[in-house]
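> below is the structure, and that's it, no one-letter string:
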């Protein structure tokens with residue numbers, strides 16, 4: 001589980017998802033109130049034991065909401081055994097599995113948080129993306145105390161919809177990115193865009209909905225499918241980090257085209273999402289730079 005959650009500090013601070021000293025802390029909103037929770041774990045990949053604690057929460061609904069988030073954040077819904085069986089037929093993936101055994105991609109439980117994070121990561125490196133995202137969370141999020149620590153609940157659509165572009169510019173967002181985030185938040189806050197409804201829709205419909213929003217193209221939509229909805233049959237082949245990972249393992253270091261990445265990934269069918277994450281993680285193990293949406 002440590003390997004799975006490591007992404008929350010790989011590229012810098014994430015005030016909404018605090019990982020420190022073997023404890024993961026976050027806040028969940030239930031009936032208009034924020035509840036901070038702590039997640040601890042013990043054991044290995046095959047016998048991991050997770051312990052969830054909500055200090056001061058008396059509501060069963062709060063516990064259920066936190067459990068639902070933890071299942072996504074820890075990638076517990078992903079079918080690793082089936083992926084591992086399929087990976088045996090691919091020499092590169094087959095070699096990566098023992099080195100990364102138990103790794104599960106984290107899924108972001110709140111769709112707005114995922115999409116705003118993707119905007120932060122557009123055309124910049126992940127360290128800078130984490131920096132500006134952290135500023136946004138601290139500037140507009142709600143501080144929540146949990147276990148003697150403070151986490152910042154990711155700002156909701158209503159709060160971001162009231163933001164001014166100049167405020168985001170002061171955090172080093174470009175004018176365009178500030179407009180994209182505020183525009184998205186206003187659509188969600190007004191009810192014109194129901195992000196939660198996307199969970200039950202097919203990939204192509206999700207793609208059409210998201211790419212119709214100003215500032216959101218195929219790259220963002222595919223990472224949303226992969227990292228928020230957990231769709232297995234998705235490969236964000238236009239991502240430079242993904243292309244570099246494919247080039248590292250399959251192209252002798254040469255950068256492949258987006259089309260060639262899609263062709264290779266298509267052979268993995270419903271395991272594309274997991275395969276991409278293992279390639280990115282494997283590249284990091286070997287000291288190369290890997291990308292991906294925040």
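Perfect, I can see it now. Note that the structure is predicted; figures quoted are calculated from it, not measured.
> from here on, contacts and neighbour counts on C-alpha atoms
OK.
> I'd like to know which elements the helix or strand where residue 219 lies is packed against.
Assessed by DSSP states H and E, residue 219 sits inside helix 218-227. With contacts taken as 3 or more Cα pairs under 8 Å, 6 or more residues apart in numbering; DSSP states H and E, helix 218-227 sits against helix 111-121, helix 203-211.
> can you give the contact residues for it?
105-108, 111, 114-115, 118-119, 203, 206-207, 210-211, 231-232, 234-239, 273, 292-293 (Cα atoms under 8 Å, 6 or more residues apart in numbering).
> okay if I get the helices and strands packed on helix 218-227 as a markdown table plus distance to residue 42, mean neighbour count and mean pLDDT?
Formatted as a markdown table, those follow (distance: least, Cα to Cα, whole Å; neighbours: other Cα atoms under 10 Å; pLDDT from 0 to 100):
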| stretch | distance to residue 42 | mean neighbour count | mean pLDDT |
| --- | --- | --- | --- |
| helix 111-121 | 28 | 22 | 97 |
| helix 203-211 | 36 | 16 | 98 |
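> mind listing the strands for the protein?
18-20, 23-30, 33-42, 49-53, 142-146, 149-153 (DSSP state E).
> and the fourth one, what other elements does it pack with?
Here strand 49-53 is seen to pack against strand 33-42 when contacts are counted using 3+ Cα pairs under 8 Å, 6+ apart.
> buried residues, the strand it packs on. List them.
34-40 (16 or more other Cα atoms under 10 Å).
> can you check stretch 148-168 too?
Buried residues in stretch 148-168, counted by 16+ other Cα under 10 Å: 150-157, 160-161, 163, 165, 168.
> that one: how far from the chain's middle?
Between the centre of stretch 148-168 and the centre of its chain there are 18 Å (Cα atoms, centre = their mean, to the nearest Å).
> which other residues reach it?
So stretch 148-168 is contacted by 15-18, 25-28, 34, 36, 112-113, 136-138, 140-145, 174-175, 178-179, 181-186, 188-189 (Cα under 8 Å, 6+ apart).
> re earlier: how about TSV for the buried residues of strand 33-42, with distance to residue 266 and pLDDT added?
Listed next are the buried residues of strand 33-42 as TSV, based on distance: Cα to Cα, whole Å; pLDDT from 0 to 100:
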residue	distance to residue 266	pLDDT
34	41	94
35	41	95
36	40	96
37	39	96
38	38	97
39	36	97
40	36	96
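> what's the domain layout of the chain?
As recorded under automatic domain parsing, the domains making up the chain are 2-77+106-227, 78-102+230-294.
> where are the low-confidence patches of the stretch 1-150 of the chain?
In the predicted model of the stretch 1-150 of the chain, no residue satisfies pLDDT under 70.
> redo that, cut-off 90
Low-confidence segments of the stretch 1-150 of the chain, defined by pLDDT under 90: 1-3, 6-13, 21, 31-32, 44-46, 55-59, 123, 147.
> all set now, cheers.
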